[in-house]
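Engineer: any chance you can model this:
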Amino acid sequence: MYDDWFEDYELNSQQQAVVDVVRESARSWPECRPADTVVLVFGPDEDDEEDVAPAARESRWEPPTEHTAYLTALDEALDRGEEVLTLIADLVDRRERDRGLIFMTLGATVIGNRLFCSERHSQNYQTPEPTRNVALLTAAGPPEHLGRIAAAWFEEIMNRLIVSSHPVVGGGYRFVPPGTALPPGHRWVRNGPQ
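Structural biologist: Just a heads-up that it's a prediction; the model follows:
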């Protein structure tokens, strides 16, 4: 099923240009299989706010302010009837692959000529998570330029060493600097010695 990274089916030429650049880079990412990546195109018919009663909309979750520009651009694009391209890459625990243990989802969304990269919710892919260990990235430019920036952002994170406490307890994953020895009571999750 997953023969290539960021498989896609019906993209317009600008979307395809972004995906092609990121796909080429993804082939060299460590511990990232094609099944760990996905391309999503959201259209105006997938804007669920219209179906929510006003009272429910008022009490909804308010995102951290660092995501305001992204969420505003997303809402405006969907209101205008534009499609929004999102590339998703999951960071998967290499020892827990069979169980599908995803401990972080990364997303790069192209809205018009703008790119928004951040950690994303692992179930709906559009909702950004609060900023923790992954810096937000925004850029503007033509599709190939945005593809190169997104690819570099994904690649830098994919190359990070990651450890977890053993046994994994409540989000026990963390990035460690290159050259770090395995801390006592931890195990390598990604990119460390086998």
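Engineer: which residues sit against the host helix or strand of Glu24?
Structural biologist: Secondary structure from DSSP states H and E places Glu24 in helix 13-26. For helix 13-26, contacts defined as CB atoms under 8 Å, 6 or more residues apart in numbering pick out 4-6, 8, 11, 32, 37, 39, 41, 83, 85, 87, 89, 108, 110, 143-144, 146-148, 150-152, 154-155. Every residue, glycine included, has its C-beta placed from N, CA and C.
Engineer: need the contact list for the closest residue to Cys32 other than its chain neighbours.
Structural biologist: Using CB to CB, 6 or more residues apart in numbering and skipping the chain neighbours, the partner closest in space to Cys32 is Met158 (5.5 Å). Counting by CB under 8 Å, 6+ apart, Met158 touches 29-32, 89, 91.
Engineer: just the buried residues from those residues, in PyMOL please.
Structural biologist: A single PyMOL command selects the buried members of these (16 or more other CB atoms under 10 Å):
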select buried, resi 29+31+32+89+91
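Engineer: among the contacts of Met158, which two are most distant?
Structural biologist: The span of the contacts of Met158, defined through CB to CB, is set by Pro30 and Ala89 at 12.1 Å.
Engineer: roughly how far does the nearest residue to Ala140 once chain neighbours are set aside sit from Leu161?
Structural biologist: Nearest residue to Ala140, sequence neighbours excluded (CB to CB, 6+ apart): Arg114, at 5.0 Å. Arg114 sits 31 Å away from Leu161, going by CB to CB, to the nearest Å.
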